[in-house]
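*Asks:* I need the structure of the sequence given here:
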Amino acid sequence: MAVSAQKSKLLQIQELSMTYFPATGNPVHALDDVSLEVRAKEVLGILGESGCGKSTLATAVLRLLPANCKHQHGQILFRDHDLLTLSESEINRIRGREIALVAQDPALSLNPVMTVGNQIAEVLQPHVPLQSKQRQERVRALLGEMGFDQPSEIYVAYPHQLSGGQRQRVVIAQAVACQPSLIIADEPTSKLDPPLRADVIALLSRIHKQFGMAILLISHDPTLFIGFADRVATMYAGRIVETGNCKEIFARPLHPYTQALVRLAKSAATDSIKAKSHFPFIEGDAADLTVKGPGCRFEPRCAERMEICTCNVPPDFSPEIERSVSCFKYAE
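*Replies:* Residues are numbered from 1 along each chain as shown. Predicted coordinates for the structure are as follows:
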């Protein structure tokens, strides 16, 4: 199993640290020694609260971070090539063609003055050698694959003429246009109502099965991963604190933070059929990413904290095969 997994590694992030340097205030340590891998044709979920570094990780892979975000150390290896060392022309050949992004808010990522068809064709043009008419036909066929009944009408429409769910399907069409090896879906359902969220996840699942693309699915909602993701990595305050098989993560979460997220998801599902008297939450304040303390970042909020947690950063322990958890509870 270990040899097979090694051969199938598509993306490897190794000890990656990224820091924002705002014009005023202290530096923000958004990513702190993050290591994870995405295997070919798998769905890997990244789970965590807002502000934990999920989106920074997504945009770092495609080198789309703002100028005030600096790479401190680490590597991002795609097919054994470090994306952080490539020239701008080299990374442009990978964006869209090999790795594509489904952005969180299609209303912001789509150009309001270009038709939908032209925006998808724009992705194809630098990567796929097609004549103009062939490109138009390919885009219409792609819109049909995204579930649009009238792809020709959608082709000539502008983003403001579409609903939120339709815009998200257009963004997904852009992402899959060149049939990349990896799609990064950054909170792709956060702007949608629950029924539309299910539709988008169903579409991503169908695309995954049809094209065999690996998907890095980022969300704060654990329920999105169930039945879709192969593995899940939990992220807290810029660090990966637990990874494992999706079914096992939700059946038996090991890290206290993952346990809290799963408990809240179950509580929210129960409350949805009752009169909600309160909104479930995790006790305590989120970690201050401008401060790099000596201990575990979750320690102030953890009911199971020990003295060692206050002065040492827990390494990754492997209490089970294919499980990793950054918590001293599992130290041998």
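*Asks:* quick one: least confident helix or strand in the chain?
*Replies:* When each helix and strand of the chain is scored by mean pLDDT, DSSP states H and E, helix 2-7 comes last, with a mean of 45.
*Asks:* List the strands paired with the helix or strand following it, with their directions.
*Replies:* Using DSSP states H and E, the next helix or strand after helix 2-7 towards the C-terminus is strand 9-20. According to DSSP bridges, strand 9-20 has the following sheet partners: strand 28-39 (antiparallel), strand 69-78 (antiparallel).
*Asks:* Residue 107 is nearest to which of the ones you listed?
*Replies:* Closest to residue 107 of the strands paired with strand 9-20 is strand 69-78 (Cβ to Cβ; 23.5 Å). Yep, even glycine has a C-beta here, placed from its N, CA and C like the rest.
*Asks:* ok now whichever helix or strand comes after the closest one, how far from the chain's centre?
*Replies:* Along the chain past strand 69-78, the next helix or strand (assigned with DSSP H and E) turns out to be strand 81-82. Strand 81-82 sits 20 Å away from the centroid of its parent chain (Cα atoms, centre = their mean, to the nearest Å).
*Asks:* neighbouring contacts of strand 81-82?
*Replies:* Under the contact criterion Cβ atoms under 8 Å, 6 or more residues apart in numbering, strand 81-82 has outside partners 75-76.
*Asks:* Let me see the ranges of the helices in the stretch 101-250 of the chain.
*Replies:* Here the stretch 101-250 of the chain has its helices, by DSSP state H, counting those that start in this stretch, at 106-109, 116-124, 132-145, 151-155, 164-176, 194-211, 246-251.
*Asks:* Mind giving me the packing neighbours of the last one?
*Replies:* In other words, helix 246-251. With contacts taken as 3 or more Cβ pairs under 8 Å, 6 or more residues apart in numbering; DSSP states H and E, helix 246-251 sits against strand 231-236, helix 256-271.
*Asks:* Taking helix 256-271 as reference, get the angle to the shortest one.
*Replies:* Going back to what we said before, that points to strand 231-236. Interaxial angle, strand 231-236 versus helix 256-271 (axes from the mean of the first three to the mean of the last three Cα atoms, to 10 degrees): 100 degrees.
*Asks:* can I see the domain layout of the protein?
*Replies:* The record's domain parsing of the chain by automatic domain parsing lists 2-98+180-330, 113-179.
*Asks:* Now for residue 237, how many residues are close by?
*Replies:* For residue 237, the tally of surrounding residues (other Cβ atoms under 10 Å) stands at 22.
*Asks:* Could you do residue 286 as well?
*Replies:* 16.
*Asks:* Can you read off the pLDDT for residue 285?
*Replies:* We have a pLDDT of 87 for residue 285.
*Asks:* what's the spacing between residue 317 and residue 323?
*Replies:* Distance check for residue 317 against residue 323: by Cβ to Cβ, to the nearest Å, it reads 9 Å.
*Asks:* cool, residue 74 as well?
*Replies:* From residue 74 to residue 323 the distance is 23 Å (Cβ to Cβ).
*Asks:* and the closest residue to residue 157 other than its chain neighbours, what does it touch?
*Replies:* Spatial nearest neighbour of residue 157, excluding adjacent residues (Cβ to Cβ, 6 or more residues apart in numbering): residue 116 at 5.4 Å. Going by Cβ under 8 Å, 6+ apart, residue 116 touches 110, 143, 154-159, 162, 170.
*Asks:* Out of the residues you listed, which is nearest to residue 254?
*Replies:* For the contacts of residue 116, the minimum distance to residue 254 (Cβ to Cβ) is 39.1 Å, reached by residue 170.
*Asks:* Could you report the neighbour count for the closest one?
*Replies:* Residue 170 has 25 neighbours, counted by other Cβ under 10 Å.
*Asks:* Give me the outermost residue of the chain relative to its centroid.
*Replies:* Distance from the centre of the chain peaks at residue 133, with 34.4 Å (Cα atoms, centre = their mean).
*Asks:* how close does that one get to residue 139?
*Replies:* Relative to residue 139, residue 133 is positioned 11 Å away (Cβ to Cβ).
*Asks:* could you say which helix or strand contains the nearest residue to residue 51 once chain neighbours are set aside?
*Replies:* Spatial nearest neighbour of residue 51, excluding adjacent residues (Cβ to Cβ, 6+ apart): residue 286 at 6.2 Å. Using DSSP H and E, residue 286 falls within no helix or strand.
*Asks:* again, but for the one 4 residues further on
*Replies:* In the assignment (DSSP H and E), residue 290 maps to no helix and no strand.
*Asks:* Which pLDDT value belongs to the residue nearest to it when sequence neighbours are not counted?
*Replies:* Using Cβ to Cβ, 6+ apart and skipping residues adjacent in sequence, the residue nearest residue 290 is residue 26, 4.0 Å away. The model reports residue 26 with a pLDDT of 95.
*Asks:* Ramachandran angles for residue 26?
*Replies:* phi -80, psi 160 (degrees, to the nearest 10).
*Asks:* what sits against residue 77?
*Replies:* Counted by Cβ under 8 Å, 6+ apart, residue 77 has contacts 11-14, 83.
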